[in-house]
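Q: Next comes the sequence, and after it the predicted model I'd like to discuss.
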2 protein chains.
Amino acid sequence: MRIAVLGTGPVGHALATRLVHLGHDVWMGSRDAAGEKVVAWAAQQGDRAHAATFADAAHEAELLVNATGGSVSLEMLASIDEADLEGKVLVDVSNPLDFSQGFPPRLAPAIDDSSAEQIQRAHPGARVVKALNTMNCDVMADPSLVRGPHTVFVAGDDIAAKAAVVDLLASFGWPRPDIVDLGGLIASRGLEAYVLFWVNVRMALGTNHFNIAVVR
Amino acid sequence: MRIAVLGTGPVGHALATRLVHLGHDVWMGSRDAAGEKVVAWAAQQGDRAHAATFADAAHEAELLVNATGGSVSLEMLASIDEADLEGKVLVDVSNPLDFSQGFPPRLAPAIDDSSAEQIQRAHPGARVVKALNTMNCDVMADPSLVRGPHTVFVAGDDIAAKAAVVDLLASFGWPRPDIVDLGGLIASRGLEAYVLFWVNVRMALGTNHFNIAVVR
């Protein structure tokens, strides 16, 4: 598949690299297609890996992954031609964390909205699916880093888009029974609020390589 | 031990009942000591169970459990003589959910504060420990309802108070390795935000009898 990974930070890097290894053609989107990080990544990853602007990456791709920080996602997406979002699955991995007041971070936007819903409202043609925002990026891309069953969540209003994302997660190594569908995109409110809790657990455990398992 | 369970809803009922069964003397605190729910509970549970006002329950007890809704906790605690909180462990199980805008609920107070911290600021003499707010009340009181290891969290600024609450949780049947200390009371922000996520999972699973396990 032709996939755009929008964002050059640790999340974008981990997901784009995993996708190249799985045989996809990947455009890593950046503010500047000649930027150091994106060029280094593309050079290292070989023929299937491409450095691009956000707009060009979206233009090339069939499926998009938003791996920018939640506070800049809307601005980033606004730089993309709306026609290049139309009908495409957009996996939103972002968390709208606000560190401007120090640590622990606050959530922005307010809790009666979510970054994913804002993105969907701003781009009604995109088929937004929230996924993978509840764990460290190494674990996102390689769930075998955590021992025993553990859970990843998806939420979105487009059933077919969600099914496509579930297939993508399965290809990362997430066993299908561990992929939990939380329903509509409104569940992103809980998924994004979760990250405040994740930060606390991460501090207590002293490692990024953990996750939660939903157990009954 | 002499324990006050403040609140007569499902959470108060489950915890107070469990505590009586474990051999504690329990005062269930209510707005009205002659209220139907609290009187029925005390009559059903026998000699160790007492119906009381919030103030009288706190006066009698060595350890207090706040099992009222987060939106009314401060008002409830204000009805208690400050001397009856001084130096006592106060387990805060509350979640500041606001259903006034419909479902899913919003969080109040804002995300850069927590109900537990508000309680601690309002009652500096109390030794507030956040615990048990991350699962259904049946599971709080009887973790064996969920199969396999699963996790309960504590947070608080008073180490000895936290140790007392860990002992209490162990007496409920929580294995000590499954009790995770998230550090200071500030971690209540994440623990309370978590409940928005919990609501989503609960809707998706269709049962209250689940929890999460932290896995590495």
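A: Yep, it's here.
Q: Identify the residues contacting A:His24.
A: Going by CB atoms under 8 Å, 6 or more residues apart in numbering or on different chains, A:His24 touches A:1-3, A:48. All C-beta spots, glycine's among them, are computed from the backbone N, C-alpha and C.
Q: make it 7 Å
A: A:1, A:3, A:48 (CB atoms under 7 Å, 6 or more residues apart in numbering or on different chains).
Q: what secondary structure does A:Leu90 sit in?
A: strand (DSSP: H, G, I helix; E, B strand; the rest coil).
Q: so how far is B:Ala126 from it?
A: Using CB to CB, to the nearest Å, we find A:Leu90 at a distance of 47 Å from B:Ala126.
Q: Report pLDDT for the residue nearest the centre of chain A.
A: With distances taken as CA atoms, centre = their mean, A:Val93 lies nearest the centre of chain A, 2.4 Å away. Looking at A:Val93, its pLDDT is 96.
Q: Confirm for me that it is in contact with A:Val11.
A: Yes - counting by CB atoms under 7 Å, A:Val93 does reach A:Val11; the two are 5.9 Å apart.
Q: what's the overlap in contacts for the two?
A: In contact with both A:Val93 and A:Val11: A:Ala67, using CB under 7 Å, 6+ apart.
Q: Quick one: find the helix or strand in chain A with the lowest mean pLDDT.
A: Sorting the helices and strands of chain A by mean pLDDT, DSSP states H and E puts strand A:106-107 at the bottom, at a mean of 76.
Q: hmm, back to that, neighbour count: A:Leu90 and B:Ala126, which is higher?
A: Legend: neighbour count by other CB atoms under 10 Å in any protein chain shown for A:Leu90 and B:Ala126, higher for A:Leu90 (28 against 25).
Q: If the more buried one is in a bridge, with which residues?
A: A:Leu64, A:Val128 (DSSP bridges).
Q: got the contact list for A:Glu62?
A: A:1-2, A:88.
Q: Could you count how many residues lie near A:Arg216?
A: A:Arg216 has 12 nearby residues by other CB under 10 Å.
Q: give the contact list for the residue nearest to it when sequence neighbours are not counted.
A: Excluding the flanking residues, the one nearest A:Arg216 by CB to CB, 6 or more residues apart in numbering or on different chains is B:Phe210, at 4.6 Å. Residues in contact with B:Phe210 (CB under 7 Å, 6+ apart) are A:214-216, B:146, B:201.
Q: taking those residues one by one, which sit in strands?
A: Per DSSP state E, strands hold the following members of the contacts of B:Phe210: A:214-215.
Q: quick one: low-confidence parts of chain A?
A: Applying pLDDT under 70 to chain A picks out residues A:108-111.
Q: interface residues of it facing chain B?
A: Proximity of chain A to chain B is confined to A:101, A:104, A:106-107, A:111-112, A:146-148, A:150, A:180-183, A:186-187, A:189-191, A:193-194, A:196-197, A:199-201, A:203-204, A:207, A:209-216 under the rule CB under 7 Å from any CB of the partner chain.
Q: re earlier: got the contact list for the following helix or strand past the least confident helix or strand of chain A?
A: Scanning forward in sequence from strand A:106-107 by DSSP states H and E, the next helix or strand is helix A:115-122. Helix A:115-122 has contacts (CB under 7 Å, 6+ apart) with A:66, A:70, A:73-74, A:77, A:92, A:94, A:96, A:109, A:126, A:128, A:130, A:185-186, A:188, A:192.
Q: Spatially, what comes nearest to A:Gly46 if we skip its sequence neighbours?
A: Nearest to A:Gly46 is A:Val20, by CB to CB, 6+ apart, at 7.2 Å.
Q: got the angle between the longest helix seen in chain A and helix A:115-122?
A: In chain A, assigned by DSSP state H, the helix with the most residues is helix A:188-205. With axes from the mean of the first three to the mean of the last three CA atoms, to 10 degrees defining the directions, helix A:188-205 sits at 150 degrees from helix A:115-122.
Q: Only the C-alpha atoms, please, for helix A:188-205, written as PDB.
A: Extracted in PDB, the C-alpha atoms of helix A:188-205 (Å, rounded to 0.1, in the frame of the first residue of the first chain):
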ATOM      1  CA  SER A 188     -11.500   9.400  21.200                       C
ATOM      2  CA  ARG A 189     -12.300  11.600  24.100                       C
ATOM      3  CA  GLY A 190     -11.600   8.800  26.500                       C
ATOM      4  CA  LEU A 191      -8.700   7.500  24.400                       C
ATOM      5  CA  GLU A 192      -7.000  10.900  24.500                       C
ATOM      6  CA  ALA A 193      -7.800  11.500  28.200                       C
ATOM      7  CA  TYR A 194      -6.200   8.100  28.900                       C
ATOM      8  CA  VAL A 195      -2.800   9.500  28.000                       C
ATOM      9  CA  LEU A 196      -2.700  11.500  31.200                       C
ATOM     10  CA  PHE A 197      -3.000   8.300  33.000                       C
ATOM     11  CA  TRP A 198      -0.400   6.700  30.800                       C
ATOM     12  CA  VAL A 199       2.100   9.400  31.800                       C
ATOM     13  CA  ASN A 200       1.600   8.500  35.500                       C
ATOM     14  CA  VAL A 201       2.100   4.800  34.900                       C
ATOM     15  CA  ARG A 202       5.100   5.500  32.700                       C
ATOM     16  CA  MET A 203       6.700   7.600  35.500                       C
ATOM     17  CA  ALA A 204       5.900   4.900  38.100                       C
ATOM     18  CA  LEU A 205       7.300   2.000  36.000                       C
END
